[in-house]
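> Build the 3D model from these lines:
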Amino acid sequence: MINLKQGERIDDLNRNGYKIIQSKDKFCFGMDAVLLSGFAEAKSGEKVLDLGTGTGIIPILMEAKTNGEHFTGLEIQHESAEMATRSVEMNELQDKINIVTGDIKEASGIFGGATFHVITTNPPYMNENHGLKNPEMPKAIARHEVLCNLEDVIRESAKMLKPKGRFYMVHRPHRLVDIISLMRQYRIEPKRIRMVHPFADKEANMVLIEGCRGGKSMVKVEKPLIVYKEQGVYTDEIYDIYGYNEEK
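Presented below is the predicted three-dimensional model:
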């Protein structure tokens with residue numbers, strides 16, 4: 001029996017019967033996390049780390065969608081990490097997923113070098129130049145570079161990835177030059193980029209990017225991912241990513 005705390009709720013993830021605990025007072029997962037879980041790949045025998053896992057949404061979804069052997073989520077906020085751990089237990093995934101409380105800036109010290117085949121991350125998007133910080137600290141930490149920045153995420157990922165290991169990130173297009181520059185600085189070669197557009201005639205508001213640790217120079221820009229075909233109606237691809245089109 002999972003005990004919910006004040007303000008918490010249980011949401012259905014439409015995958016393998018999995019559910020997740022969330023709190024309206026904390027930072028709930030958004031579409032970006034779901035899209036990243038559909039973009040990232042984990043193969044049989046691979047170990048995966050999710051940096052800044054929040055409520056554990058990406059490890060739980062990737063366990064459902066991929067053949068990865070084991071998934072770890074790192075989260076600095078104790079309450080979010082504890083909530084994620086309860087979600088793992090609720091879904092009886094303790095043998096496949098573990099949640100660690102710790103700082104992204106110290107991640108390679110926590111886990112050691114060259115320990116993961118795959119690293120995923122949905123990091124804070126906004127630096128000090130973009131937007132007002134949310135007055136509620138858990139949400140501010142999730143959205144703004146309060147406790148770690150883009151370079152921290154990429155530097156630590158480069159240290160922890162095995163040679164030819166893969167790095168997957170969802171971010172905002174206005175940071176794309178920074179992202180690619182830092183990835184190359186730390187020898188994570190960009191291999192696949194996909195822009196996400198709310199509507200076909202609107203500019204992109206998210207970018208999905210895959211990199212390879214020590215990979216050769218060649219990048220593939222995939223066809224755009226369109227979220228809505230009309231107001232309030234997702235495209236078929238979005239329904240597929242969310243699992244709404246799967247037979248129950």
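
> so where do the helices sit in this structure?
31-39, 57-65, 78-90, 107-111, 137-143, 150-160, 176-185, 236-242 (DSSP state H).

> can you list these in JSON lines and add mean pLDDT?
Below are the helices of the chain laid out as JSON lines (pLDDT from 0 to 100):
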{"stretch": "helix 31-39", "mean pLDDT": "96"}
{"stretch": "helix 57-65", "mean pLDDT": "97"}
{"stretch": "helix 78-90", "mean pLDDT": "95"}
{"stretch": "helix 107-111", "mean pLDDT": "97"}
{"stretch": "helix 137-143", "mean pLDDT": "47"}
{"stretch": "helix 150-160", "mean pLDDT": "97"}
{"stretch": "helix 176-185", "mean pLDDT": "97"}
{"stretch": "helix 236-242", "mean pLDDT": "95"}
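
> Tabulate these (CSV), appending distance to E222.
Any C-beta I mention is one placed from the backbone N, CA and C, and that applies to glycine too. As requested, these are exported to CSV (distance: least, CB to CB, whole Å):
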stretch, distance to E222
helix 31-39, 9
helix 57-65, 18
helix 78-90, 30
helix 107-111, 28
helix 137-143, 26
helix 150-160, 21
helix 176-185, 14
helix 236-242, 12
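
> Which parts of the chain are strands?
Secondary structure of the chain, counting by DSSP state E: strands at 8-12, 19-23, 47-51, 70-75, 97-101, 116-121, 161-171, 188-197, 206-213, 220-221, 225-226, 228-230, 233-234.

> Which residue is the nearest non-sequential neighbour of F116?
Leaving aside its sequence neighbours, F116 sits nearest to L49 (CB to CB, 6 or more residues apart in numbering; 4.6 Å).

> again, but for L176
V207 (5.7 Å).

> wait, doesn't the one you found sit right on V196?
Yes: between V207 and V196 a contact is recorded at 6.8 Å, counting by CB atoms under 8 Å.

> Lowest-scoring secondary structure element of the chain by mean pLDDT?
Every helix and strand in the chain was compared by mean pLDDT, DSSP states H and E; the lowest is helix 137-143, with a mean of 47.
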